[in-house]
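> structure for this input, please:
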Amino acid sequence: MPAFVKVAFDVPLPEAFTYRSDAFPEAVLGRRVSAPFGRRELTGYVVGELATCDIDEALVKGLSRVVDKEALFDKKSVDLATWMAGMYFCGLGEALAAMLPSGRREPGAAALDAEILEMAEAPLTLSAEQSSALDRITSTPGGIHYLYGITGSGKTEVFLQAAEASLAGGKGVIYLVPEIALTGQVVEAAQRRFGGRCAVIHSRLSPSRKLAEWRRILRGEAQVVIGARSAIFAPLAKLGLIVIDEEHESSYKAGNSPRYHARQVAMRRRGSEGATLVMGSATPSAEAWRLMEEGQVGRLELTKRLSGGALPAIEIVDMRGEDSSISGRLAEAIRDTAKAGGQSILFLNRRGFSYFFRCKSCAAEIRCRHCSVALTYHKDRNALVCHYCGYRIPPPRACPECGSLDVGWAGFGTERVEEEAGRRFPDLKILRLDADSTSRVGELERILQDFREGKADILLGTQMVAKGLNFPRVKTVGVVLADTSLNLPDFRAAERTFSLIVQVAGRAGRFSPDGRVLIQTFRPDSPVIRLAAQSRLAEFYALELSARKDLGFPPFARLVRLVFRSKDKAKASMAAADFAHAASPYLPQDAEILGPAECPLAMVAGTARWQLIFRAPELRDLHRALGLALAEWEAPSGVRLETDVDPASLM
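Below you'll find the predicted structure:
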């Protein structure tokens with residue numbers, strides 16, 4: 001038996017560490033172990049077994065204990081984690097920690113509800129377009145396809161039947177969805193279709209339940225894995241198909257180290273394991289659209305709604321001159337819908353009662369003392385709240401800058417729209433769906449179920465209402481303010497705005513031909529809003545890709561973003577400048593450095609944030625250069641460095 005093991009810890013260090021394992025012969029590849037690390041005792045992952053040691057054995061410490069009775073991962077997982085550590089500039093242990101459930105103990109095997117275990121719901125009869133798409137997917141093993149179809153065109157059924165074909169061939173399936181709670185209908189359909197062969201992994205499961213599901217996959221008891229971003233790491237022995245539903249969603253990008261993108265990891269697993277990759281959306285990311293245009297990804301199109309519905313009539317409403325968050329046109333549409341027995345959805349990409357507090361005399365705003373953002377007024381709490389760090393204060397009666405009593409609120413959020421809707425429609429039942437109204441466990445599911453059962457006339461919400469929801473009675477959708485995300489200082493702002501409008505509009509008229517969408521805006525002439533309203537996707541992507549090419553942004557360039565954080569603003573600024581200087585000699589000739597500059601959100605939770613953005617036409621040489629520079633450079637005391645390869649946002 002090997003006398004030594006290599007152990008990787010969840011720390012930002014690239015190497016694994018050697019430990020003596022002769023007292024624990026069960027410490028084999030894939031198991032967690034406890035071991036001394038400096039003055040601490042840490043849990044790590046066995047990533048290698050050694051018969052001999054190439055350092056002085058007298059200096060090698062022994063393991064303290066073995067945590068697991070069975071291995072949690074195999075060599076394939078270690079290889080994938082090693083790739084991630086290199087790709088995303090993180091530690092091997094950090095990559096493994098992102099992959100594995102964090103449960104400390106394993107409960108009884110996770111039991112599915114009896115009604116799910118019944119193999120209900122046979123596959124549906126496919127349309128000609130769906131059949132053609134399915135044939136292309138199943139006839140090209142190892143291929144990359146994009147199922148591009150309008151909302152309600154039956155993408156889910158194609159995904160499910162492709163999964164059935166993979167299972168019939170003896171291979172497993174990973175089915176990614178952006179958020180489990182908001183795509184429950186997809187999960188339910190898959191569970192009914194695949195019964196006990198289906199495992200679900202998501203953030204709302206307890207750590208021990210996640211670990212139980214993980215072990216079911218390892219033992220081969222589950223061959224279909226459904227989940228959000230981290231499900232891409234599911235340890236299926238024979239992976240045949242990866243599905244990425246709503247590929248455009250930013251939630252597929254991790255916000256903490258390792259800052260991986262599930263799409264990139266899926267590409268890696270497809271290449272190393274020979275799986276087929278199928279992505280899908282009504283609004284592909286700009287990167288995916290370009291790959292389809294160039295023929296690097298096969299485009300499979302679905303152009304018709306299958307449930308009897310038609311694309312809704314879309315109208316732009318100019319809000320200049322309106323004195324309410326709900327225009328007269330939108331109010332009329334909501335009343336007409338209610339009289340006809342239908343339901344309405346109101347979408348606004350803002351929580352709270354208003355955007356911010358402002359003095360009308362000196363224009364001062366009340367900003368968070370810890371972050372570079374205006375505080376949002378929440379009427380139900382009678383407080384000004386920061387949505388980044390949670391800081392809150394009572395609303396002042398006078399301007400703290402000039403003492404004026406002429407103070408008020410600018411903009412509006414979901415709470416204010418809910419209050420105005422209550423006044424305008426006192427006879428209609430309204431439900432609000434945002435991060436504040438769903439903070440309690442089970443509240444989100446209850447709200448969605450109540451609306452699905454017709455217990456409310458209006459569903460008002462933030463981005464949650466734009467994602468994957470399918471309500472047969474919804475005939476009217478109102479985008480309360482389409483401009484919100486357009487104003488963000490980020491190169492993806494136009495793409496996100498366009499996608500949100502198209503997606504939320506897709507909630508209307510899915511089962512009937514009389515759907516209506518009203519897009520309220522202070523910028524009715526914006527090409528982004530105009531093209532979204534007219535469902536002119538090809539023209540939007542042509543316009544957006546042309547602008548990206550001229551400005552040198554993805555997909556025509558690759559970016560690596562480094563953020564330097566410190567309680568001391570000067571330290572963060574100096575560290576960014578120092579690294580820019582240190583990295584310059586390593587960079588390829590076609591690379592450039594943007595910055596140092598303050599991040600658009602310059603302060604978060606009392607921490608100053610400065611950034612460097614490295615840009616080059618290709619990633620390989622830039623990535624190698626930054627790897628060399630990072631290995632040589634040491635962050636000053638009090639400065640924390642965050643590295644983001646292919647950032648989804650520059651905020």
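
> and residue 273, how many residues sit next to it?
17 (other C-beta atoms under 10 Å). All C-beta spots, glycine's among them, are computed from the backbone N, C-alpha and C.

> that one contacts residue 239, correct?
Yes - proximity of residue 273 to residue 239 meets the contact threshold set by C-beta atoms under 8 Å, at 4.7 Å.

> export stretch 143-156 to PDB, keeping only CA atoms.
Taking Å, rounded to 0.1, in the frame of the first residue of the first chain, the C-alpha atoms of stretch 143-156 are listed here in PDB:
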ATOM      1  CA  GLY A 143     -21.400  17.200 -31.400                       C
ATOM      2  CA  ILE A 144     -22.300  20.700 -30.200                       C
ATOM      3  CA  HIS A 145     -25.800  22.000 -31.000                       C
ATOM      4  CA  TYR A 146     -27.900  25.000 -30.200                       C
ATOM      5  CA  LEU A 147     -31.600  24.700 -29.900                       C
ATOM      6  CA  TYR A 148     -32.700  28.200 -30.800                       C
ATOM      7  CA  GLY A 149     -36.500  28.700 -30.500                       C
ATOM      8  CA  ILE A 150     -39.100  31.200 -29.500                       C
ATOM      9  CA  THR A 151     -40.600  31.000 -26.100                       C
ATOM     10  CA  GLY A 152     -43.100  28.200 -25.900                       C
ATOM     11  CA  SER A 153     -41.800  26.300 -28.900                       C
ATOM     12  CA  GLY A 154     -41.100  23.000 -27.100                       C
ATOM     13  CA  LYS A 155     -37.400  23.100 -26.400                       C
ATOM     14  CA  THR A 156     -37.900  21.100 -23.100                       C
END
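
> so, low pLDDT: which residues of the stretch 101-250 of the chain?
Applying pLDDT under 70 to the stretch 101-250 of the chain picks out residues 102-121, 181-184.

> got the residue ranges for the strands in it?
Counting by DSSP state E, counting those that start in this stretch, the stretch 101-250 of the chain has these strands, from start to end: 144-149, 172-176, 198-201, 224-227, 239-245.

> adding distance to residue 5 and mean neighbour count, write those strands out as TSV.
Listed next are those as TSV, based on distance: least, C-beta to C-beta, whole Å; neighbours: other C-beta atoms under 10 Å:
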stretch	distance to residue 5	mean neighbour count
strand 144-149	38	23
strand 172-176	29	27
strand 198-201	27	24
strand 224-227	29	26
strand 239-245	27	26
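
> make TSV out of those strands and add distance to residue 375.
Converted to TSV, the strands of the stretch 101-250 of the chain look like this (distance: least, C-beta to C-beta, whole Å):
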stretch	distance to residue 375
strand 144-149	41
strand 172-176	36
strand 198-201	36
strand 224-227	35
strand 239-245	36
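
> what's the domain layout of this protein?
4-99, 114-302, 313-353+412-547, 558-645 (automatic domain parsing).

> and these, which one is worst for confidence?
Comparing mean pLDDT across these, the weakest is domain 313-353+412-547, with a mean of 84.

> quick one: end-to-end length of that one, please.
29 Å (C-alpha to C-alpha, to the nearest Å).

> and stretch 176-188, by the same measure?
Terminal residues of stretch 176-188 are spaced 14 Å apart (C-alpha to C-alpha).

> let me see the ranges of the helices in the stretch 501-650 of the chain.
Secondary structure of the stretch 501-650 of the chain by DSSP state H, counting those that start in this stretch: the helices cover 527-533, 537-551, 569-583, 619-632.

> deepest-packed of these, please.
Across the helices of the stretch 501-650 of the chain, averaging neighbours per residue (mean count of other C-beta atoms under 10 Å) puts helix 527-533 on top, at a mean of 21.

> show residues contacting it.
314-316, 482-483, 486, 494, 497-498, 501-502, 505, 517, 519, 521, 523-524, 537, 539-540, 543 (C-beta atoms under 8 Å, 6 or more residues apart in numbering).

> among those, the buried ones, what's the ChimeraX command?
Buried members of those can be picked out in ChimeraX with the line below, counting by 16 or more other C-beta atoms under 10 Å:
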select :314,316,482,483,486,494,497,498,501,502,505,517,519,521,523,524,537,540,543
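
> of all the helices of the stretch 501-650 of the chain, which one is nearest residue 279?
Ranking the helices of the stretch 501-650 of the chain by distance to residue 279, with C-beta to C-beta as the measure, places helix 537-551 first at 15.4 Å.

> check which helices and strands the closest one sits against.
Applying 3 or more C-beta pairs under 8 Å, 6 or more residues apart in numbering; DSSP states H and E, we find helix 537-551 packed against helix 286-293, helix 493-505, helix 527-533.

> only alpha carbons, please: show the shortest one as PDB.
Backbone C-alpha positions of helix 527-533 (Å, rounded to 0.1, in the frame of the first residue of the first chain) are rendered in PDB as follows:
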ATOM      1  CA  PRO A 527     -32.700  50.500 -30.800                       C
ATOM      2  CA  VAL A 528     -32.400  47.900 -28.200                       C
ATOM      3  CA  ILE A 529     -35.900  48.400 -26.900                       C
ATOM      4  CA  ARG A 530     -37.300  48.800 -30.400                       C
ATOM      5  CA  LEU A 531     -35.800  45.600 -31.800                       C
ATOM      6  CA  ALA A 532     -36.800  43.600 -28.700                       C
ATOM      7  CA  ALA A 533     -40.400  44.900 -29.100                       C
END
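
> that's all I had, so thanks and see you.
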